[in-house]
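In: From the sequence below, what's the structure:
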Amino acid sequence: MKLKLTIIFIVMAILLAIVIIESSITIVDEGEKGVVTTFGEVSGTVDPGLNFVLPFAQRNHIYSTRVQKTVFGAGKDVLSAYSYDQQIIESYRISITWQYNAAKIIDVYKHFGKNDDIFYTVVSPMVQQSSKILFGHYTSQTIVQKRSDLSQELDHNIKELLANYPINVLSVQIEDVNFSRAYETIIEQTAQKKQEVEKAKNELQKVEIESQQLVAKAESESKARKLEAEARAYAIQVQAEAEANAIKLKAEALKANKELVDLTIAEKWNGSVPHTIMGADASKVVPIFRVNPDKN
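Out: Predicted structure coming up:
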């Protein structure tokens with residue numbers, strides 16, 4: 001009997017020792033940090049690696065310091081708002097990329113405890129209020145066309161609201177904005193009309209360019225014909241001036257040398273003499289006797 005009791009005692013002691021050892025050892029992974037509490041009071045923090053705590057008296061609350069992403073407005077938690085021109089935004093989603101501040105991990109424990117959903121619970125009202133106010137400042141058309149600008153403004157607002165919390169907000173994005181179906185239809189029709197207008201403008205510009213090309217071609221051909229005519233006229237003028245100058249020079253030469261005139265006449269005479277001559281009266285013709293040099 002004593003032997004059995006001894007064996008049971010030893011087994012229980014071993015089990016108790018295992019439990020004590022196991023409860024005193026805590027392992028923190030990389031990208032995590034722990035907050036140690038002693039009977040519920042914060043007594044320090046632990047870094048990644050193997051750490052020891054007092055069994056039954058201390059607890060290690062581990063938090064991830066990795067980058068996380070939380071989406072608001074997804075699933076059943078639908079976000080809605082109104083634009084400045086009173087258009088209904090039936091649903092939209094906002095995502096926040098964030099991480100706990102490792103240097104203020106004790107404040108994380110104080111603000112959020114160990115509930116993993118506490119971030120969503122605390123931040124969600126801020127996101128809803130900020131986004132509704134932001135959308136109310138802009139028209140629906142601006143919200144659609146300049147969503148990236150609105151995301152930057154919302155990013156700035158959310159960071160200001162969470163500045164006193166042990167959270168590093170990395171970015172805030174407006175991921176999806178859905179207006180009412182009627183308004184989306186109007187937007188689609190407006191966009192289609194704009195495309196048609198742009199197409200008409202492009203076609204008009206094309207016609208104008210082609211017309212300008214035809215005008216330019218006609219002007220070019222007209223200038224070419226004009227230049228060609230001017231060239232021919234100039235050539236004729238030059239030739240006429242050259243011939244006139246030649247005649248003038250020849251006349252001056254003949255005038256200066258009368259013997260040259262006689263010589264020219266003599267060179268052109270074929271040796272024959274006229275058979276008749278005209279008398280004083282043009283109606284009378286006087287015959288000339290031909291002299292034969294061979295007869296005496």
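
In: the helices in this protein, which residues?
Out: 2-24, 105-112, 118-135, 140-145, 147-161, 181-256, 258-268 (DSSP state H).

In: got a pLDDT number for residue 84?
Out: Note on residue 84: pLDDT of 90.

In: my guess is it meets residue 136, correct?
Out: Yes - applying Cβ atoms under 8 Å, one finds residue 84 in contact with residue 136, separated by 6.1 Å. For the C-beta atoms, the positions are set from N, CA and C on the backbone; glycine is no exception.

In: With mean pLDDT and mean neighbour count added, can I get the helices of the chain in TSV?
Out: Output for the helices of the chain, formatted as TSV (pLDDT from 0 to 100; neighbours: other Cβ atoms under 10 Å):
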stretch	mean pLDDT	mean neighbour count
helix 2-24	72	10
helix 105-112	85	18
helix 118-135	86	17
helix 140-145	85	18
helix 147-161	92	16
helix 181-256	78	10
helix 258-268	64	9
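
In: Out of the ones you listed, which gets nearest to residue 98?
Out: helix 118-135 (7.7 Å; Cβ to Cβ).

In: same for the closest one, what does it pack against?
Out: On a contact count with 3 or more Cβ pairs under 8 Å, 6 or more residues apart in numbering; DSSP states H and E, helix 118-135 meets strand 68-72, strand 79-82, strand 88-100, helix 105-112, helix 147-161.

In: Which of the ones you listed sits closest to residue 241?
Out: Comparing these under Cβ to Cβ, the one sitting nearest is helix 147-161, at 78.5 Å.

In: which residues are in contact with the closest one?
Out: 94, 96, 126-127, 130-131, 134-135, 138, 142-143, 169, 171-174, 177 (Cβ atoms under 8 Å, 6 or more residues apart in numbering).

In: how about 7 Å then?
Out: With contacts defined as Cβ atoms under 7 Å, 6 or more residues apart in numbering, helix 147-161 is touched by 96, 126-127, 130-131, 134, 138, 143, 169, 171-174, 177.

In: swap in stretch 231-239?
Out: Counting by Cβ under 7 Å, 6+ apart, no residue sits against stretch 231-239.

In: Tell me the gap between it and the middle of its chain.
Out: Relative to its parent chain, stretch 231-239 has a centroid offset of 59 Å by Cα atoms, centre = their mean, to the nearest Å.

In: Could you export that stretch as CSV, CA atoms only?
Out: Provided in CSV are the C-alpha atoms of stretch 231-239 (Å, rounded to 0.1, in the frame of the first residue of the first chain):
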residue,chain,number,x,y,z
ALA,A,231,10.6,81.6,-115.7
ARG,A,232,9.4,81.3,-119.3
ALA,A,233,8.5,85.0,-119.4
TYR,A,234,11.9,85.9,-118.1
ALA,A,235,13.6,83.6,-120.7
ILE,A,236,11.6,85.3,-123.5
GLN,A,237,12.4,88.7,-122.1
VAL,A,238,16.1,87.9,-122.0
GLN,A,239,16.1,86.5,-125.5
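
In: Turn the helices and strands packed on helix 118-135 into a markdown table, including distance to residue 200.
Out: Formatted as a markdown table, the helices and strands packed on helix 118-135 follow (distance: least, Cβ to Cβ, whole Å):
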| stretch | distance to residue 200 |
| --- | --- |
| strand 68-72 | 43 |
| strand 79-82 | 35 |
| strand 88-100 | 33 |
| helix 105-112 | 59 |
| helix 147-161 | 29 |
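
In: quick one on the thing from earlier: identify whichever of the helices of the chain lies nearest to residue 68.
Out: That would be, of the helices of the chain and by Cβ to Cβ, helix 118-135, which comes in at 8.2 Å.

In: how big is the angle separating that closest one from strand 68-72?
Out: Relative orientation of helix 118-135 versus strand 68-72 (axes from the mean of the first three to the mean of the last three Cα atoms, to 10 degrees): 50 degrees.

In: Quick one: residues in contact with helix 118-135.
Out: So helix 118-135 is in contact with 70, 72, 79, 81-83, 89, 94, 96, 112, 143, 150, 153-154, 157-158, 161-162, going by Cβ under 7 Å, 6+ apart.

In: change it to 6 Å
Out: Helix 118-135 is contacted from outside by 70, 72, 81, 83, 94, 112, 154, 157, 161, using Cβ atoms under 6 Å, 6 or more residues apart in numbering.

In: Nearest to residue 252 among the residues you listed?
Out: The shortest approach to residue 252 among the contacts of helix 118-135 belongs to residue 83, at 100.9 Å (Cβ to Cβ).
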